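*Asks:* Just to be clear, the model below is a prediction. Sequence and coordinates:
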Amino acid sequence: MSDASTKVAGLAVELKDLHVNFIAPGKKIEAVNGVDLQLQQGEVVALIGESGSGKSVTLRTVMRLHNERSTRITGKLEVNGQDVLGMSPRALSDMRGKEVAMIFQEPLLALDPVYTVGAQIIETIRRHDGASRPEAAARALALFEKVRIPSPQRRLSAYPHEMSGGMRQRAMIALALACNPKVLLADEPTTALDATVQIQILLLLRDLQRDLGLSVIFVTHDIGAAVEVADRIAVMYAGRIVEEGTARDLILTPRHPYTIALLKSRAEGAMARGVRLETIGGAPPNLSDLPPGCAFAARCALATDACRAAQPPSIEVAPGHHARCIHTDRAAAIAPVAPVAPVAV
């Protein structure tokens, strides 16, 4: 887990009652529904959940990367004290890359295929910092060395398709760090990589966060990865945060049935050899037709009529540990006994 002692006072990102709706012909997709989330300076927060739970949509909203014509965003969204929703296009352009940067899930799609990786980093540095080309080139080389790319001088002249998946992801990290942003958004940065490279990238991100004092929101569907890098974990389902707390609290004392189901669905959750791995039955709800009550009720063994009738409130089950469930006490009885092991040490 990230070293919490490196955090300093102040908010890097604040989301309050954040709603993100995608408007399509004849329907409205409620992708994010009233998210409250705070990221302290120097802290790492992991967003976890199944695909379609709203993790990546939330992350991209922080930089306002969605199509403005088909997206409706309401609520409070601040980065380093600045109102992102009120920013002009020019202010947004200045913020992206300089104040806040993103590591995308698939660098082969995020990087421009017709320019070398080095040229893209150099352009970013010159755009935001006004550096000369030789100075920007020297900084790009130093960044490649920082993210531990072998033969960095030669790799600067490579096109994205000429690099391996792990090497492209390191180059994407270098690009994100090019202008010394205070906030780093990592959107499942290890998903497309094999297990060995995943561990290398996670360790690299953890070391860079500690060395640079970055504030990081890390999106993943892997609880083991979240345990490895995060101070706090927020569990998302159907566009809502259903449980939030320190990484230790969520792993050792989960109180929402969905969090518990995620923990039990990992291979490490099997308590003995030959025990069948548990799965989460059913499917997530249709985001264009959400139920009036708890969105997880249809898949939850603890659900009652009260769960289906109205949205459950967020309950503080321990200091700093909240769960959006009216059955937190009953959930404690079905929680797994063994904690989740991190993916790396």
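*Replies:* Great, that's in hand. Numbering: from 1, shown residues only.
*Asks:* Could you check the pLDDT of the residue nearest the centre of the chain?
*Replies:* The residue lying closest to the centre of the chain (CA atoms, centre = their mean) is Val219, at 2.1 Å. If you check Val219, the pLDDT there is 95.
*Asks:* any idea which element it lies in?
*Replies:* Take DSSP states H and E as the rule and Val219 turns out to sit in strand 215-220.
*Asks:* Can you pull the domain assignment for the chain?
*Replies:* Residue ranges for the domains of the chain, per automatic domain parsing: 7-99+181-334, 110-180.
*Asks:* mean pLDDT lowest for which of these?
*Replies:* domain 7-99+181-334 (a mean of 92).
*Asks:* Are we agreed that Val235 is in a helix?
*Replies:* No: read with DSSP: H, G, I helix; E, B strand; the rest coil, Val235 is strand and lies in no helix.
*Asks:* Can you list the strands that the strand holding Val219 pairs with?
*Replies:* strand 44-48 (parallel), strand 183-187 (parallel) (DSSP bridges).
*Asks:* Please identify the deepest-packed of these.
*Replies:* Ranked by mean neighbour count, these are led by strand 44-48 with a mean of 27 (mean count of other CB atoms under 10 Å). Bear in mind the C-beta positions are built from the backbone N, C-alpha and C, glycine included.
*Asks:* I'd like the strands paired with strand 215-220 laid out as a markdown table, including distance to Ala110.
*Replies:* Listed next are the strands paired with strand 215-220 as a markdown table, based on distance: least, CB to CB, whole Å:
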| stretch | distance to Ala110 |
| --- | --- |
| strand 44-48 | 19 |
| strand 183-187 | 9 |
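*Asks:* just so I know, which of these lies nearest Ile334?
*Replies:* Minimum separation from Ile334 across those (CB to CB) falls at strand 44-48, 19.0 Å.
*Asks:* Please list the residues outside that closest one that contact it.
*Replies:* Residues from elsewhere that reach strand 44-48 (CB atoms under 8 Å, 6 or more residues apart in numbering): 2, 37, 39, 55, 58-59, 209, 215-223, 225-226, 229-236, 247, 262.
*Asks:* ditto for stretch 289-301
*Replies:* Residues outside stretch 289-301 that contact it (CB under 8 Å, 6+ apart): 30, 33, 237-240, 242, 257-258, 261, 280-285, 303, 306-312, 324-325, 334.
*Asks:* Just the buried residues of these.
*Replies:* The neighbour-count test (16 or more other CB atoms under 10 Å) marks 30, 33, 237-240, 242, 257-258, 261, 280, 284-285, 303, 307, 311-312, 324-325 as buried among these.
*Asks:* Show me which residues of stretch 322-331 are buried.
*Replies:* Within stretch 322-331, the residues that count as buried by 16+ other CB under 10 Å are 322-328, 331.
*Asks:* can you name the two of these that are farthest apart?
*Replies:* Across those, the longest distance by CB to CB is 14.5 Å; it joins His322 and His327.
*Asks:* Number of residues surrounding Pro291?
*Replies:* The number of residues packed near Pro291 is 16, by other CB atoms under 10 Å.
*Asks:* ok, now Ser132?
*Replies:* Ser132 has 10 neighbouring residues, counting by other CB under 10 Å.
*Asks:* If you count neighbours, what's buried in stretch 109-122?
*Replies:* Neighbour counts over stretch 109-122 (16+ other CB under 10 Å) mark 110-111, 116-122 as buried.
*Asks:* what angle separates the helix ranked longest in the chain from strand 183-187?
*Replies:* As assigned by DSSP state H, the longest helix anywhere in the chain is helix 195-212. Orientation of helix 195-212 against strand 183-187 (axes from the mean of the first three to the mean of the last three CA atoms, to 10 degrees) gives an angle of 170 degrees.
*Asks:* Residues in contact with helix 195-212: which ones?
*Replies:* For helix 195-212, contacts defined as CB under 8 Å, 6+ apart pick out 2-3, 6, 44, 146-148, 165-166, 169-170, 173, 177, 180, 184, 186, 189-190, 193, 214, 216, 218, 225, 228-229, 343-344.
*Asks:* And those residues, which of them are buried?
*Replies:* Using 16+ other CB under 10 Å as the burial test, the contacts of helix 195-212 include 2, 6, 44, 146-147, 165-166, 169-170, 173, 177, 184, 186, 189-190, 193, 214, 216, 218, 225, 228-229, 343-344 as buried.
*Asks:* Report the secondary structure state of the residue sitting furthest away from the middle of the chain.
*Replies:* Each residue of the chain has a distance to the centre, and by CA atoms, centre = their mean the biggest one is for Pro134: 34.4 Å. The three-state label given to Pro134 by three-state DSSP is helix.
*Asks:* Mind checking which of the contacts of helix 195-212 are in strands?
*Replies:* Of these, the ones assigned to strands by DSSP state E are 44, 184, 186, 216, 218.
*Asks:* how about JSON lines for these, with distance to Val197 added?
*Replies:* Output for the ones in strands among the contacts of helix 195-212, formatted as JSON lines (distance: CB to CB, whole Å):
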{"residue": "Val44", "distance to Val197": "20"}
{"residue": "Leu184", "distance to Val197": "19"}
{"residue": "Ala186", "distance to Val197": "15"}
{"residue": "Val216", "distance to Val197": "19"}
{"residue": "Phe218", "distance to Val197": "17"}
